[in-house]
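**Q** Generate coordinates for the sequence data below:
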Amino acid sequence: MKSFSLVIWELFKIILIAAVIVIPIRFFLIQPFFVKGASMEPNFDDGEYLIIDEISYRLREPARGEVIVFRFPGDPSQFYIKRIIGLPGETVEMVGGRIRISNKENPNGFFLNEASYLENIPNLGDDKITLAETEYFVMGDNRAASYDSRRWGPLPKKNIIGRAWLRAWPVSRAQILEAPIY
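**A** Numbers count the residues shown, from 1 in each chain. Sure, this is the predicted structure:
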């Protein structure tokens, strides 16, 4: 009987130690995320398993080109995955299938070169929006099938959960994810 109670006590300690280690990591540093839908194809497919870095944006601001997971402004219970296109204070304009960004450094604007992650995928529509100091403009990589800032407006910074850091599944596509260089 003493042996059985020792086994139970040891098992309890292991579970407690594991919980003390895993729970803070899961809730404050990283979390898993499954891609749902086709809005990020061809770069992220439906069913892929990603690890989201939740700590980076506590230490620095989100950067253009990073793929992020956020709470949808229209329904915070829904999580979306999109790519950051426009940064706070910038003007984002879709002109003839291309994206022009205007900001303090480039008052006349520059066209975003997305060739490193998109192959000949035009942006649909002609639109222009100026972002507030706490807003981002996000778009899916599958521009024809993405419900994004072009439809529902800017993304408030407070809705951002974190950046996609690691593709863990499928193993054949596993990799650390980095923002493109524009």
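**Q** for this protein, what spans make up the helices?
**A** With DSSP state H as the criterion, the chain has helices at 2-24, 56-59, 149-152.
**Q** which of the ones you listed is buried the deepest?
**A** Among the helices of the chain, helix 149-152 has the highest mean neighbour count (mean count of other C-beta atoms under 10 Å), at a mean of 17. (Each C-beta comes from the backbone N, C-alpha and C, glycine too.)
**Q** other SSEs contacting that one?
**A** Packing partners of helix 149-152 (3 or more C-beta pairs under 8 Å, 6 or more residues apart in numbering; DSSP states H and E): strand 79-86, strand 135-139.
**Q** still on that earlier bit, format the helices of the chain as JSON lines; extra columns: mean pLDDT.
**A** Shown next, in JSON lines, are the helices of the chain (pLDDT from 0 to 100):
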{"stretch": "helix 2-24", "mean pLDDT": "74"}
{"stretch": "helix 56-59", "mean pLDDT": "83"}
{"stretch": "helix 149-152", "mean pLDDT": "88"}
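**Q** Dump these to CSV, plus distance to K128.
**A** As requested, the helices of the chain are arranged in CSV below (distance: least, C-beta to C-beta, whole Å):
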stretch, distance to K128
helix 2-24, 43
helix 56-59, 27
helix 149-152, 11
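**Q** wait, which of these is closest to I161?
**A** With C-beta to C-beta as the measure, helix 56-59 is the member of those nearest I161 (8.8 Å).
**Q** Quick one: list the elements packing against that closest one.
**A** Contact analysis of helix 56-59 by 3+ C-beta pairs under 8 Å, 6+ apart lists strand 160-169 as its packing neighbours.
**Q** Just the buried positions in the strand it packs on, please.
**A** Going by neighbour count (16 or more other C-beta atoms under 10 Å), the buried part of strand 160-169 is 160-165, 167.
**Q** related to what we said a few turns ago, looking at the helices of the chain, spot the one closest to D75.
**A** D75 sits nearest to helix 149-152 of all the helices of the chain, at 10.3 Å, using C-beta to C-beta.
**Q** in this protein, which segments are predicted with low confidence?
**A** Residues of the chain meeting the criterion pLDDT under 70: 1-2, 19-30, 32, 34, 38, 120-125, 168, 174-176, 182.
**Q** one more time with 50
**A** Scanning the chain for pLDDT under 50 picks out no residues.
**Q** Quick test: name the residue nearest the centre of it.
**A** Note on the chain: the residue nearest the mean C-alpha position is I68, at 1.0 Å, using C-alpha atoms, centre = their mean.
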